[in-house]
Structure formats: C-alpha cells, structure tokens
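Chemist: sequence and predicted structure below; questions after.
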Amino acid sequence: MKTSFLNNNITTRTKDELTLKIVQNDVQFLKNIPGIKNAYYSLDTIDNKIFLNYNIEEIHTLLPILNFGGIKGNLWFTFGMSDNNWRGLGQTFLAYYQNNNGRHSGKLFFKTPQMNGKKLGFSLSLNKWSSEEPLFFDEGTVQYIYDNNGVAGSIIYAIDRNRSIELGGNFFNEKYFQSTNQELSDPPGPKSFSQNKFLSSFQYYENFLKYNFFYLKGFEWFIRYQNVYNAVDKTKFNSIKFQVKNFIQATHTTNIASRISFAVSTNNNSPFAPFVVDSHVNLRGVGNRIDRGTAQAIINLEIRQTIYHQKNWASQFIIFSDWGSWRNPGGQLSDVFDRSEFRHFVGGGFRVIYQNVFGAVLRIDYGIDIYNSNQRGLVLGLGQYF
C-alpha cells in the first residue's frame, strides 16, 4: 500500500480534534480496501497531545485466474491474472483469455478510482467475446457463432466515500454466423450479419458494505441506464437495471446474503433479446444461456455457514435459492409476474477461502430446478457468486 493513497482517503487530519466515530469510520474504510486484510487503531497520550496510529495488515491482491467448467454442449476454460490493488493505489488491472468450445475470447481492463485527488477516476477496457449462442425463433432454436469486439471507457466521479456516478461509452462490432451444428434442417433467421454499435451509459452507485475478513455486513446498490445506437439501421435500444445486495452477519460464523435485480429494455420482438438465463449469471444449474428476455426479475439468497476458520484458510457450506422470471421478446411486462415464466433453483455449495490473497475463493455449487428435477447442474468459479 502506498501511504499517499491512504492519507488521501482517511478523514482524520493532524491537529484535528479527536472524534472516535470518525476514527472508527476510517478503520472500516481501511478494512474495505482490497489490499488490507485487517485494520485497527491505537492511541497514545503524551504531553497533553493524542497520537493516533492506524495499524494495517496487508495481503496480496495479485490473483491468477484459472477457471473451467462444463455443461452439456458447452466446455470452457479461462486463465489470466487480476489485481484489485494494483501498484498499491486501489487500482484494478485485469487480463484474461477464455476459450468457449474452441472459440477465443479475452479482456484487458484498467480502473483507477483517483486522478490527482480523490474525486475523479476512469476505466478503460478492450473486449473480445466469441461463443456459440442459442437464439430462439418460433420454429425452434437456432445456433449462431457470435463475435463481439469492442473498446470501452468511463469517467467516475466520487460524490463522497460511499456514493459515485459513472458515465461510460463502448464502441463495438457484433457478428453472427449460423453454425453448421443445427437441430433444425432448415433453420430460420439470417445466415450472417455484422453491425457496428455504440453504447452510452449512466450509473449511480452507493456502497455501504463493511468488510470483516471474508464476512460482510451492509448493502450496496446501483441503477444503470444504457442506450445502444445501431450504426447500420440507425435504431436505438434502451435498457435500465436496478440491483441491490444486502448482507447480514446473523451469528459469528453465519453470513446471510441476498441479491435482487430488476431490468427492463426496449421490447423488440427479436431473438436477440439482451437479458439471458444463465448458470454463471443468475440461476445456478439452469445451463448456458438457455433463454433470453426483454425484462427480468432475479432474487438470489444464500446462507453462508463457516465450518472452518484458521489464520490463513477458511471454508464455508452454502445453501442457496435462485429465483428468476423473464418477459419474452414482444410480450407484456406482466409476463415477469406470470407463474409459468418462473424458474426456481435450490441447492448447496462449498467454498474454500485463502485469506492471504484478496478474492481467493474457490466456489462449487449444485442446483436443482424445484419445478423440474431433471433440470440440474454443477457450477464452478472463483469468488463468491455475488
């Protein structure tokens, strides 16, 4: 950690009147920094003066990315590296390569929360995504080879320690080719097409989370508006998403976590709807992008019970419930509340946590659809699911 970064972000200043509430808030802020495992303060009184010391225990933040998984019809693996406290300045740097059934993807991402002060920051990224995507027509499912290549950036303004706004843009190209691997003998839809698009976005974000090692208390939420302009047909596409996460430490070893998301977009009657049903995104066990919609409501609930916790290592047993509903393209918003559109997966999982590296959590979950027990799946990953 660079002391200049820490001094720039703690509230207490030399010759200020000592206020314990401010000091305690500073300690919690230090605990929330990815490069700090634990923090506490101590006071010494000498010659009618109070000397305040902040004591921190640092951890590594450079984390290798090594991820793999598979469900029927889809095998993938990822390797790379990420650092959530790059150069000791609270910056984020990420680089990875991903292979989806032989399709090559990758990402470079950099984010700095501060430029010459503590109010203004920015992010930049290069993105390549290649996959085989199922698109859903009246005649049936059609498999497309999908490529998305783009460059994105944003400006971040910190209103205060807990609130920020972000303005972003992303120029990208989308290409679709019908796969030779089809269930239908004469699949509908275009054989291929390519489109240049520009995405602009606005986000308001609040973070009142409190970290205590790998336990969390408090909440965070955001609301994000996006507009996509299609340079080919001059059309515009809008979407808005609201998401809130809440964490309760019910006992010394029990964390209750919840995530609620609601999103709605322009309701084009098109197979290229933006919101997906996916094991890795919202419903554990459902499969890989098995459906799409133009509105969604998601509720994820976890009980994380620690069963082992020593100095460097910990493990947790997880019970979860993932519930979701979607509006079909061209449908009514009331479809989101239609019982026939509900998907509900329940299951259990296991976490192995290495505390000396930020975010070093190996995750394994197994989910089953309570409405159709034949729908089930195993999901692996790094980091908590949310």
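Modeler: Alright, I've got the coordinates.
Chemist: could I get the contacting residues of R351?
Modeler: 304, 314-318, 361-364, 384 (CB atoms under 8 Å, 6 or more residues apart in numbering). C-betas here are computed from N, CA, C, even on glycine.
Chemist: out of these, flag the one nearest to G88.
Modeler: V361 (22.5 Å; CB to CB).
Chemist: so how far is stretch 22-34 from its chain's centroid?
Modeler: Centroid separation between stretch 22-34 and its chain, computed with CA atoms, centre = their mean, to the nearest Å, is 23 Å.
Chemist: buried sites along that stretch?
Modeler: 23, 26-34 (16 or more other CB atoms under 10 Å).
Chemist: rewinding a little: report the buried members of the contacts of R351.
Modeler: The buried subset of the contacts of R351 - by 16+ other CB under 10 Å - is 304, 314, 316, 318, 361, 363, 384.
Chemist: return the member of these nearest to G287.
Modeler: Nearest member of the buried ones among the contacts of R351 to G287, counting by CB to CB, is R363, at 17.7 Å.
Chemist: partners of the closest one in the sheet?
Modeler: R351, G381 (DSSP bridges).
Chemist: surely it is in contact with L382?
Modeler: Yes - between R363 and L382 a contact is recorded at 6.8 Å, counting by CB atoms under 8 Å.
Chemist: can you tell me the closest non-neighbouring residue to S131?
Modeler: Using CB to CB, 6 or more residues apart in numbering and skipping the chain neighbours, the partner closest in space to S131 is N100 (4.5 Å).
Chemist: how about the one you found, what does it touch?
Modeler: By CB under 8 Å, 6+ apart, the neighbours of N100 are 74, 76, 130-132.
Chemist: CSV for the residues you listed, including pLDDT?
Modeler: Output for the contacts of N100, formatted as CSV (pLDDT from 0 to 100):
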residue, pLDDT
N74, 65
W76, 75
S130, 90
S131, 82
E132, 81
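Chemist: of these, buried ones?
Modeler: By 16+ other CB under 10 Å, the contacts of N100 give 76, 130-132 as buried.
Chemist: need these in JSON lines with distance to G121 and secondary structure, can you?
Modeler: Shown next, in JSON lines, are the buried ones among the contacts of N100 (distance: CB to CB, whole Å; DSSP: H, G, I helix; E, B strand; the rest coil):
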{"residue": "W76", "distance to G121": "32", "secondary structure": "strand"}
{"residue": "S130", "distance to G121": "30", "secondary structure": "strand"}
{"residue": "S131", "distance to G121": "31", "secondary structure": "strand"}
{"residue": "E132", "distance to G121": "36", "secondary structure": "strand"}
